[in-house]
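Novice: starting from these lines, generate the structure:
(chains A and B)
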There are 2 protein chains.
Amino acid sequence: MKPINLSEKQALFTKQWHPHQIAVVDDMQVILAKVQGEFVWHAHENEDELFQVLKGTLYMKFRDRTEVVKEGEIIVVPKGVEHCPSTKDGEEVQLLLFEKQSTAHTGDVVHEMTQSQYPKI
Amino acid sequence: MKPINLSEKQALFTKQWHPHQIAVVDDMQVILAKVQGEFVWHAHENEDELFQVLKGTLYMKFRDRTEVVKEGEIIVVPKGVEHCPSTKDGEEVQLLLFEKQSTAHTGDVVHEMTQSQYPKI
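Specialist: Numbers count the residues shown, from 1 in each chain, chains lettered A, B, ... in the order given. Below is the predicted model:
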């Protein structure tokens, strides 16, 4: 029941594509991530996933299009929908995600970027 | 699957203490609210509630203390904990909340401020 400062938490880590859990809300978790370049195409069969852009511009690729998500915007990726978060021009983008604690990092895909556990900060 | 701009959504309504739903994530909802002054003491018996301050400073009163939640910060109020969101000095504060869709506005308390349904914007 203490305030959590998002910028201060973001400053605690540097590794990209490596989510850190900052809070739990019922069976959901709030995680922070720094991303740059292109992630892995994947879907979460049973969980929706909310992305909030805290800094920079996220290019959320879907199979049929790309959505540009700017600072101060959110996007919800529904369960079952393949997506690939990415950034452009070497920009590091800071994200907050809201998703079930059961959500696997890269869904049903296993990749060298896959994290099975998120550190708590 | 479209980006949602938080500022643009906030500009769509003026009524204070009147949450508007902007997105759904599994059984949770994302809501926006504008608040000023003092709300109602209440608790949510079965649901945690996350507040993110988008603009201004929120004073989250608990029975034993007040937590100051600034812009760019979040606070999670655990289920069962009495709380009273408030602001100071006539400031209007803009909030984003994450909570279950089942969460009652003022918990087990019925008050003239209580909204039983949140408009979708």
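Novice: chain B contacts on chain A?
Specialist: When proximity is defined by C-beta under 8 Å from any C-beta of the partner chain, chain A lies next to chain B at A:1-7, A:22-26, A:28, A:30, A:47-50, A:62, A:67-70, A:72-79, A:81, A:98-100. For every residue, glycine as well, the C-beta is placed using N, CA and C.
Novice: secondary structure element for the residue nearest in space to the middle of chain A?
Specialist: What sits nearest the mean C-alpha location of chain A, by C-alpha atoms, centre = their mean, is residue A:97, with 4.9 Å. Remark: residue A:97 resides in strand A:93-100, with elements defined by DSSP states H and E.
Novice: contacts for that strand, please.
Specialist: A:6, A:10, A:19, A:25, A:27-36, A:44, A:46-58, A:85, A:87, B:25-26, B:28, B:30, B:98 (C-beta atoms under 8 Å, 6 or more residues apart in numbering or on different chains).
Novice: so which of the residues you listed are in helices?
Specialist: A:6, A:10 (DSSP state H).
Novice: who touches residue A:21 in this structure?
Specialist: If a contact means C-beta under 8 Å, 6+ apart, then residue A:21 has A:29, A:30, A:31, A:118, A:119, A:120, A:121 as its contacts.
Novice: to which secondary structure element is it assigned?
Specialist: Applying DSSP H and E, one finds residue A:21 within strand A:20-25.
Novice: please state the offset of that strand from the chain centre?
Specialist: The gap between where strand A:20-25 is centred and where its chain is centred comes out at 12 Å by C-alpha atoms, centre = their mean, to the nearest Å.
Novice: what ranges does chain A have for its strands?
Specialist: A:4-5, A:20-25, A:28-35, A:49-55, A:57-61, A:66-70, A:73-77, A:84-86, A:93-100 (DSSP state E).
Novice: okay, angle between the third one and strand B:73-77 too, please.
Specialist: Regarding strand A:28-35 and strand B:73-77, their directions subtend 160 degrees when assessed with axes from the mean of the first three to the mean of the last three C-alpha atoms, to 10 degrees.
Novice: now do the same for residue A:37: its pLDDT.
Specialist: Listed pLDDT for residue A:37 reads 97.
Novice: how many residues are close by the closest residue to it other than its chain neighbours?
Specialist: Spatially, and ignoring its direct neighbours in sequence, residue A:37 is nearest to residue A:87 (6.3 Å; C-beta to C-beta, 6 or more residues apart in numbering or on different chains). Here the count is done by other C-beta atoms under 10 Å in any protein chain shown, and residue A:87 has 20 residues near it.
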